[in-house]
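**Q** here is a sequence together with a model predicted from it:
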Amino acid sequence: MIDRERGPVVVVGASLGGLAVLAALAEPSTARRVVGLVLVDVVPDPAPGPARAWLHERGLRRDRAVLVDDILGRGRELLATATGLDMPILLVRGGGRSPLGDDDVDRLQGANPGVMVTVVAGAGHLVARDAPTELAGIVAEHASRWLAADLVVQRAFALQRSLGADRIDHPGGTLLRHLRRVHALAVEWHAAPRAQLAAICHASYGTDGFPHRLLAADERRRLRDVIGPDAEALVHVYGGCDRSRTYPALGTEPLPVVDRYTGAATAISGADLRNFAVLTIVNELDVARHAPLPTSTVAQIRVLVAALAAHAPDEAARALADEALA
């Protein structure tokens, strides 16, 4: 069904349907068509004991024993699929009559920290039957946002291509390929939406390490109109950063980011600083993965990422554990 639909697709799977969706999304070509997943009162690996007891109470276990055993035996496999999905996932829980326990939810969020949870208190396991209007509203709200975000991503890549990113050499192929990889890594690491969009466009104004400009200083509105003012502001700070004058202060907050054109310093903190750090880490890691760097340069990147750990500890730890920086 997913493969037959025109993409992008948001998929909603309730109960057994949720397990079927996860089985389908194990196929990468299918998963790439999906921009968001809603699981309705189901986790990939329901605890076998409580699940069998719940089915037995409703007379569902005896006639379907083979099916039940097969499904419950695939929990680890389905959880692995959910762990690796690089799309937003929403779990809609029923209320007190749901067989889903807090341990089930904690296990899913432990495997994929990006999973969001909402509860429909007045519903049991069959949320669509018990609270159809509320469920429809929840799905519509999230699906609209996910589909809109995907459209922005498409437009951002289209802008980069129109500016010639597919014709500029860069380690690992072209600049456009680099931008796609950096964006994919930001998505994989569940970076903030603003940082994910900035990852696509981070070289638009050039950088201290890549001076080729795609947009002139007076063309900021072109980028702002595509990715929004928040993401564009991050791109502008990142692209203008004078690294030799800014990086020695890493670890301090607020961090004074010195503009390489004007020499003025802009102090960033909180989410702005974290997004700046994440954007720096994913960019440097992709370069390390695809450029033939001398050992001394790899060591310098490791030092930089270690300094950025003060602002983005999880992302820094992942990068430092990557074989490209070993």
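**A** Sure thing, it's come through.

**Q** what's the helix or strand hosting residue 194 packed up against?
**A** Take DSSP states H and E as the rule and residue 194 turns out to sit in helix 193-201. Applying 3 or more Cβ pairs under 8 Å, 6 or more residues apart in numbering; DSSP states H and E, we find helix 193-201 packed against helix 132-162, helix 175-188, helix 220-227, helix 229-240, helix 270-290. For the C-beta atoms, the positions are set from N, CA and C on the backbone; glycine is no exception.

**Q** try 6 Å
**A** Helices and strands touching helix 193-201, as assessed by 3 or more Cβ pairs under 6 Å, 6 or more residues apart in numbering; DSSP states H and E, comprise helix 132-162, helix 175-188, helix 229-240, helix 270-290.

**Q** next, format these as a markdown table and append distance to residue 251 and mean neighbour count.
**A** Below are those laid out as a markdown table (distance: least, Cβ to Cβ, whole Å; neighbours: other Cβ atoms under 10 Å):
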| stretch | distance to residue 251 | mean neighbour count |
| --- | --- | --- |
| helix 132-162 | 31 | 16 |
| helix 175-188 | 22 | 21 |
| helix 229-240 | 18 | 21 |
| helix 270-290 | 10 | 22 |
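
**Q** output the ones you listed as a markdown table; include the columns distance to residue 119 and mean pLDDT.
**A** Converted to a markdown table, the helices and strands packed on helix 193-201 look like this (distance: least, Cβ to Cβ, whole Å; pLDDT from 0 to 100):
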| stretch | distance to residue 119 | mean pLDDT |
| --- | --- | --- |
| helix 132-162 | 10 | 91 |
| helix 175-188 | 27 | 91 |
| helix 229-240 | 30 | 97 |
| helix 270-290 | 27 | 96 |
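
**Q** tell me which of those approaches residue 208 most closely.
**A** Comparing the helices and strands packed on helix 193-201 by their distance to residue 208 (Cβ to Cβ), the top pick is helix 229-240, with 8.4 Å.

**Q** helix, strand or coil for residue 12?
**A** Put simply, residue 12 is strand when judged by DSSP: H, G, I helix; E, B strand; the rest coil.

**Q** I figured it hits residue 37, correct?
**A** No - taking Cβ atoms under 6 Å as the definition, residue 12 is not a contact partner of residue 37, at 7.9 Å.

**Q** more neighbours, those two?
**A** Per other Cβ atoms under 10 Å, whichever of residue 12 and residue 37 has more neighbours is residue 37, with 25 against 21.

**Q** name the helix or strand for that one, please.
**A** strand 34-40.

**Q** same question for residue 119.
**A** Residue 119 is part of strand 116-120, with elements assigned from DSSP H and E.

**Q** residues in contact with that strand?
**A** With contact meaning Cβ atoms under 6 Å, 6 or more residues apart in numbering, strand 116-120 is reached by 90, 91, 92, 93, 127, 131, 134.

**Q** hmm, try it at 7 Å
**A** Identification of contacts with strand 116-120 by Cβ atoms under 7 Å, 6 or more residues apart in numbering yields 90, 91, 92, 93, 94, 95, 105, 127, 131, 134, 135, 138.

**Q** go through it and flag the buried ones.
**A** Using 16 or more other Cβ atoms under 10 Å as the test for burial, strand 116-120 gives 119, 120.

**Q** got the CA coordinates for it in PDB?
**A** This file holds the C-alpha atoms of strand 116-120, laid out as PDB (Å, rounded to 0.1, in the frame of the first residue of the first chain):
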ATOM      1  CA  MET A 116       6.500  11.300  21.100                       C
ATOM      2  CA  VAL A 117       3.600  10.000  23.200                       C
ATOM      3  CA  THR A 118       0.100  11.300  23.700                       C
ATOM      4  CA  VAL A 119      -2.800   9.700  25.700                       C
ATOM      5  CA  VAL A 120      -6.500   9.600  24.800                       C
END
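
**Q** adjacent strands (with direction) for that strand?
**A** Paired neighbours of strand 116-120 in the sheet (DSSP bridges): strand 89-94 (parallel).
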